[in-house]
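1. The following comprises the amino acid sequence and a computationally predicted model.
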Number of protein chains: 2
Amino acid sequence: MSVISITDVLTGKYPVDETITVHGWIRTRRDSKAGISFLAIHDGSCFDAIQAIVPNELDNYQTEVLKLTTGSAVKVTGILVESPGQGQSFEIQATAVEVLGLVEDPDTYPMAAKRHSIEYLREHAHLRARTNIGGAVTRVRNTLAQAIHRFLHSKGYYWISTPLITASDCEGAGEMFRVSTLDMENLPRTDKGEVDYSQDFFGKEAFLTVSGQLNVETYCCALSKVYTFGPTFRAENSNTSRHLAEFWMVEPEIAFADLAIAGDLAEEMLRYVFKALLEERADDMAFFQQRVDKTVIDRLNNVIEKDFVRMDYTDAIEILQNCGKKFENEVFWGVDLNSEHERYLAEEHVGGPVILQNYPKDIKSFYMRLNDDNKTVAAMDILAPGIGELIGGSQREERLDVLDQRLAEMGLDPVDYSWYRDLRRYGTVPHSGFGLGFERLVAYATGIQNVRDVIPFPRTPNNAAF
Amino acid sequence: MSVISITDVLTGKYPVDETITVHGWIRTRRDSKAGISFLAIHDGSCFDAIQAIVPNELDNYQTEVLKLTTGSAVKVTGILVESPGQGQSFEIQATAVEVLGLVEDPDTYPMAAKRHSIEYLREHAHLRARTNIGGAVTRVRNTLAQAIHRFLHSKGYYWISTPLITASDCEGAGEMFRVSTLDMENLPRTDKGEVDYSQDFFGKEAFLTVSGQLNVETYCCALSKVYTFGPTFRAENSNTSRHLAEFWMVEPEIAFADLAIAGDLAEEMLRYVFKALLEERADDMAFFQQRVDKTVIDRLNNVIEKDFVRMDYTDAIEILQNCGKKFENEVFWGVDLNSEHERYLAEEHVGGPVILQNYPKDIKSFYMRLNDDNKTVAAMDILAPGIGELIGGSQREERLDVLDQRLAEMGLDPVDYSWYRDLRRYGTVPHSGFGLGFERLVAYATGIQNVRDVIPFPRTPNNAAF
């Protein structure tokens, strides 16, 4: 027998005038002069708490009920009634209150009922899900994740769990974390005096992956429609509001598809997940709208309703050069655009999401498909008003000779890419894909500024606490 | 415009006698003496290939069609007709065949159309999804993953992405992988001559997690019903068919729940996902039944139909001691049961799944709830016929004084568990959960013996290829 969720009680799934039992934590307790206590009890199943009205006739009213403080855990039995009060649908006339766990020294309880700064909450990451904002972020994050799986599954995409630990050095080890079981105080050495990785767990140097893309391409070239949804890692020493050392990525990969198809899928997916969010988590979104960012719901509706504008990089450069706005960073053909440029395009020039595509090949990765102009590659970034880049993608170079030429141009050794090259040797097909940083999506959807506040336990330089 | 999936064609989603275009790879080509070629084309969207009948009138019949070999990629346009042949519903009378990618040197193509050993396929992990078994495993794995998310979401559980990198040493670093960005050839040293981890990326020693459980408990004690579904790591040097260095775990955690509720949830979940699998992937399951394990569908139906038998560890010991069977490992109260014992209980004694519970405290973890007998803890293992342990779980010790006593007994420092202890200091509640090794589930559901063959790129001692 499992317990009743408060969301089910508040949405009328239980008949009134019958006795029910709910479990949860005290958000607030208010005592009337008439000898009645009002407990607001939440269990995290939705934003709202349910009110329990506790009469002083209860045996443990003086000894226990009056000691309940924010965060105390209780089991409350009583009669479910329609609430006469505003803003709440149902309440409970308690006939029994059982205390499950009190708060030790309520005066020093880190999550006491007052406003905490978001930085303070981050330092108490093990308790912050108990707050309004922490609970709301968690539910929104879950809703977005479920919607992504649901959307891609319904379109026939298969979820592929690409490896986290990799001995391939495909994207440059400089920004990767090493994974090892060698005894650091006593490293084995080769005859030449170098660290002997042949004695390490995997028999060679191993790292944490920065992307599942190359691996998932192998599955795309067999199952046509696939995606990853898993953690990726960057050992960049960036202390910004947009970077984490450990974050989750969604990477769909589509066979027999050019860049336009990948762009269409991204557009459809964003629209689907934001729609699901507004429908399924109206309670939490109302909170974000009210307390975090007054524009957040409009922003999501903007993405849902407006067609994404496709724009070539070359055209964007022209627009930026002629717009009359002074940017901190110079704009010229060949430059990697900065956030200020991206936001200008999305926010001011278009006023909605933009798919910027066909970038100069020299600022993009070796695996992106060379366009016929020999200068640009079939790459795209999706820029959203209010955040800038949300998605990056490309058509992949499926022609072996062109791929090899690009590897050579970039000084990469084809031997390191032998398995990736095999995909082009054996039944190669045009294919495209993109990557969505999941924490950026959650930040975008909630209006929260820092990605550290939308992942349960953020990992950043000098911090892997909990 | 996205491409048509062959599964949609074969299941009648397109009208007959109209022209369609499909994309895919050649499974086989057969040429009749009458000058017609039969191409079996698959795109991974389902087990079956679609047959395209190609007349020799096509312009490129001699130059291209007759060169198509297994693994070649094609785009075929033609008229969809009902198939007169057995075992296929529809076929295509081709009016155009476009070659997208041939197979370089078909004689050495690693996935040529013949039977390959499962070990051979493992060595070619980047291509094995192209085989019948590789495709089927991938689709089954996806179906099980989607069903798990769907089931838990529908029951009000929130997915929590617990961290992969951890500086907590909660489960013993001996079996953990170190994560570091220190220069191994030039390690920084403290004054005492030890490795100076304060200069490492996270400012201290960091590892890959072995379980998200302790972290997800923090979310359970705020949102009541939560789960993890993510990768975990073990640096054990075990070369067995049941162990991976990197594997995926599902860990539901339920507040206000005792061990019985966790057992009920596990039972309901297994039943749900196996039912979904049999319904949604009848094609792949027929293949596994025919080619891998003749009992696999019966086995799943057995789990779906039979109530799981609950049995106390103490009773199990008595059964094993009195059953008259000779085991390799001695059976006595206090022993950690071996696979031979577990399989006897599930396969021979019960003939169905068993939830074995209330184990001696000395063979279990510190966080498991001490029973009133002071000798056992509220832990469970779910044993399934044909594989042994599939799930391990427990009620968690919610009483701070008992938890501290258990930590002391096990020589663990409460300071290392301060954030975990906070959950017991502030509104503690009874809670329970379990862990399901996802690869074991996929192996169980397919009859495949080795977990290395049910994850795309297995990581094991001396192997992190691709």
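-> Sure, I can see it.

2. Can you name the residue of the stretch 251-400 of chain A nearest chain B?
-> residue A:256 (4.0 Å; Cβ to the nearest Cβ). Using the backbone N, CA and C atoms, a C-beta is placed for each residue, glycine as well.

3. Tell me where the stretch 301-450 of chain A has helices.
-> With DSSP state H, counting those that start in this stretch, the ranges of helices along the stretch 301-450 of chain A come out as A:313-322, A:339-343, A:400-409, A:418-425, A:438-446.

4. Of those, which stretch is the most buried?
-> helix A:438-446 (a mean of 25; mean count of other Cβ atoms under 10 Å in any protein chain shown).

5. Now tell me what touches it from outside.
-> Helix A:438-446 has contacts (Cβ atoms under 8 Å, 6 or more residues apart in numbering or on different chains) with A:136-137, A:140-141, A:144-145, A:148, A:229, A:242, A:244, A:247-250, A:273-274, A:277, A:288, A:292-293, A:296, A:299-300, A:384, A:386-387, A:390, A:448-451, A:453-455.

6. circling back to that earlier point, pull the contacting residues for the residue of the stretch 251-400 of chain A closest to chain B.
-> Per Cβ under 8 Å, 6+ apart, neighbours of residue A:256: A:224, A:429, A:430, A:431, B:3, B:23, B:75, B:100.

7. how about the nearest residue to it, chain neighbours excluded?
-> residue B:23 (4.0 Å; Cβ to Cβ, 6 or more residues apart in numbering or on different chains).

8. Bridge partners for the one you found, pull those for me.
-> Beta-bridge pairing for residue B:23 (DSSP bridges): residue B:75.

9. Same question for the one 5 residues further on.
-> Beta-bridge partners of residue B:28, counted by DSSP bridges, are residue B:40.

10. What parts of the stretch 1-150 of chain A come near chain B?
-> Within the stretch 1-150 of chain A, the positions near chain B by Cβ under 8 Å from any Cβ of the partner chain are A:1-3, A:5, A:7-8, A:23-26, A:43-45, A:71-73, A:75, A:100-104, A:109-111, A:125-127, A:129-130, A:134-135, A:138-139, A:141-142, A:145-146, A:149-150.

11. which regions of the stretch 1-150 of chain A sit below the pLDDT cut-off?
-> Counting by pLDDT under 70, the stretch 1-150 of chain A contains low-confidence ranges at A:1.

12. Not counting its neighbours along the chain, what's nearest the residue of the stretch 1-150 of chain A found nearest chain B?
-> Chain B sits closest to residue A:44 of the stretch 1-150 of chain A, with a gap of 3.1 Å, by Cβ to the nearest Cβ. Once flanking residues are discounted, residue A:44 sits nearest to residue B:223: 3.1 Å by Cβ to Cβ, 6+ apart.

13. quick one on the thing from earlier: Throw together a ChimeraX command that grabs the buried residues out of the residues of the stretch 1-150 of chain A next to chain B.
-> Applying 16 or more other Cβ atoms under 10 Å in any protein chain shown to the residues of the stretch 1-150 of chain A next to chain B leaves a buried subset, and the ChimeraX line that selects it is:
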select /A:3,5,7,23,24,25,26,43,44,45,71,72,73,75,100,101,102,103,109,110,111,125,126,127,129,130,134,135,138,139,141,142,145,146,149,150
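
14. Restricted to helices, list the residues of the stretch 1-150 of chain A next to chain B.
-> A:7, A:8, A:134, A:135, A:138, A:139, A:141, A:142, A:145, A:146, A:149, A:150 (DSSP state H).

15. residues in contact with the fourth one?
-> Spelled out, that is residue A:135. Counting by Cβ under 8 Å, 6+ apart, residue A:135 touches A:42, A:44, A:47, A:129, A:284, B:222, B:223.

16. 7 Å instead, please
-> By Cβ atoms under 7 Å, 6 or more residues apart in numbering or on different chains, residue A:135 lies in contact with A:44, A:47, A:129, B:222, B:223.

17. before we move on, what about the last one?
-> For residue A:150, the contact set (Cβ under 7 Å, 6+ apart) is empty.

18. now swap in the first one and tell me
-> Residues touching residue A:7, when contacts are defined by Cβ under 7 Å, 6+ apart, comprise A:45, A:46.

19. could you redo the last one with a cut-off of 10 Å?
-> Taking Cβ atoms under 10 Å, 6 or more residues apart in numbering or on different chains, we find residue A:7 in contact with A:13, A:42, A:43, A:44, A:45, A:46, A:47, A:48, A:50, A:139, A:283, B:156.

20. now do the fifth one
-> Contacts for residue A:138 were tallied using Cβ under 10 Å, 6+ apart; they are A:44, A:128-129, A:284, A:442, A:454, A:456, B:158-160, B:219, B:222-223, B:226.

21. sec struct for the residue nearest to residue A:17 when sequence neighbours are not counted, please.
-> Closest residue to residue A:17 apart from its sequence neighbours, by Cβ to Cβ, 6+ apart: residue A:79 at 6.3 Å. Recorded secondary structure, residue A:79: strand (DSSP: H, G, I helix; E, B strand; the rest coil).

22. Next one: residue A:189 from residue A:409, what distance?
-> 36 Å (Cβ to Cβ, to the nearest Å).

23. Please apply the same query to residue A:291.
-> Using Cβ to Cβ, residue A:291 is found at 51 Å from residue A:409.

24. hang on, the earlier thing: can I assume the residue nearest to residue A:256 is in contact with residue A:221?
-> No: no contact is recorded between residue B:23 and residue A:221 when judged using Cβ atoms under 10 Å, the distance being 11.8 Å.
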